[in-house]
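> can't give you the sequence, but here's the structure:
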């Protein structure tokens, strides 16, 4: 049964007088933890990938489960939606990537080539290439139009997280060994390695408006970097356990972080000031994503956040 509950549960601890956040809905339907969440560019559809080996598609406005996508034989570790909104990719412990239509749920293709678990996914800015990171220490670029794949090699351990610049020229990868790789997508060469974390780099995110890179780690911290130079800017502390995922708001003014301490923190950018701490999940929080700006309601920019956790719940948060 798929349930949507409206809760007045405890949800935040404010560290400032700024507007806070409230959990307005909890979506239930997965039979295991929710490892990854993504939202279509039109803001209509929410996708969630789970340890129950399924991807679910939900109406973001009503919370109705629209489709359950089956086919993977292992846990789903990552999902991504293409910038044009026409493709949904899911990566799994079964070492494959499956492509689906994000509105109909129709399966389009299965991509095979990795020799170990697929841990991270991102699409190129033109939606023609899906990029995957895996526990075989490689990054693969799957050109969907030309039906070919290429491999980026350089990491000596698992590739846990990926992000790409809006221009599509620079790819960022987070590694189990605590390093961050910066890659030239066209030449497929790693041109810089950033070091500073004392644990796995679980998440990386790039600001949509400035050359700012954020990285999240099992060392309990978030680091901010100048993406142009690789210079470390500041370290954000406050989480008491691993930081599993991070996401920028569409205007780049906020950064959300999801942690194994069962909280989500909201930070003001680029100052790194802690704005709010959101509570409500009853286990590790694995994933966060901000809803995109919709042409019909630009005033909602950065006002909706979605999270997925170990408790199998998907929570929708609204800024109040």
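Okay, I see it. Every value quoted in this text rests on a predicted model; they were computed, and no experiment measured them. Residues are numbered from 1 along each chain as shown.
> show me where the stretch 101-250 of the chain has its strands.
With strands called from DSSP state E, counting those that start in this stretch, the stretch 101-250 of the chain shows them at 107-112, 118-123, 129-134, 139-143, 148-152, 159-164, 170-175, 180-184, 189-194, 201-206, 212-217, 222-226, 232-236, 243-248.
> the ones you listed: lowest mean pLDDT?
Mean pLDDT values for the strands of the stretch 101-250 of the chain show the minimum at strand 148-152, a mean of 92.
> so which other helices or strands are in contact with it?
On a contact count with 3 or more Cβ pairs under 8 Å, 6 or more residues apart in numbering; DSSP states H and E, strand 148-152 meets strand 139-143. Glycine gets a C-beta too; all of them are placed from N, C-alpha and C.
> so for residue 100, which of the strands of the stretch 101-250 of the chain sits nearest?
strand 107-112 (5.4 Å; Cβ to Cβ).
> which elements pack onto the closest one?
strand 96-100.
> other residues contacting the strand it packs on?
Applying Cβ atoms under 8 Å, 6 or more residues apart in numbering, the contact partners of strand 96-100 are 55, 69, 71-72, 87-92, 106-112, 114, 118, 121, 130, 132, 142, 144.
> let's see it at 7 Å
Strand 96-100 has contacts (Cβ atoms under 7 Å, 6 or more residues apart in numbering) with 69, 71-72, 87-91, 106-112, 118, 121, 130, 132.
> only whichever of those residues are buried, select them in PyMOL.
Remark: buried members of the contacts of strand 96-100, expressed as a PyMOL selection using 16 or more other Cβ atoms under 10 Å:
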select buried, resi 69+72+87+88+89+90+91+111+118+121+130+132
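> tell me what the closest residue to residue 170 other than its chain neighbours is bridged to.
Using Cβ to Cβ, 6 or more residues apart in numbering and skipping residues adjacent in sequence, the residue nearest residue 170 is residue 182, 6.3 Å away. Residue 182 forms beta bridges with residue 172, residue 192, as assigned by DSSP bridges.
> could you shift the numbering so residue one becomes 30, and keep it that way?
Okay, using 30 as the starting number, the last item reads as residue 211.
> name the nearest residue to residue 243, ignoring sequence neighbours.
residue 234 (4.8 Å).
> how far away is that neighbour from residue 201?
9 Å (Cβ to Cβ, to the nearest Å).
> and what of residue 153?
Residue 153 sits 13 Å away from residue 201, going by Cβ to Cβ.
> ok, these two, which is more surrounded?
residue 201 (25 against 19; other Cβ atoms under 10 Å).
> residues in contact with that one?
191, 192, 209, 211, 233, 235, 242.
> how about residue 97?
83, 85.
> tell me the mean pLDDT for the helix or strand containing it?
Residue 97 is part of strand 94-98 when elements are defined by DSSP states H and E. In this model, strand 94-98 has an average pLDDT of 97.
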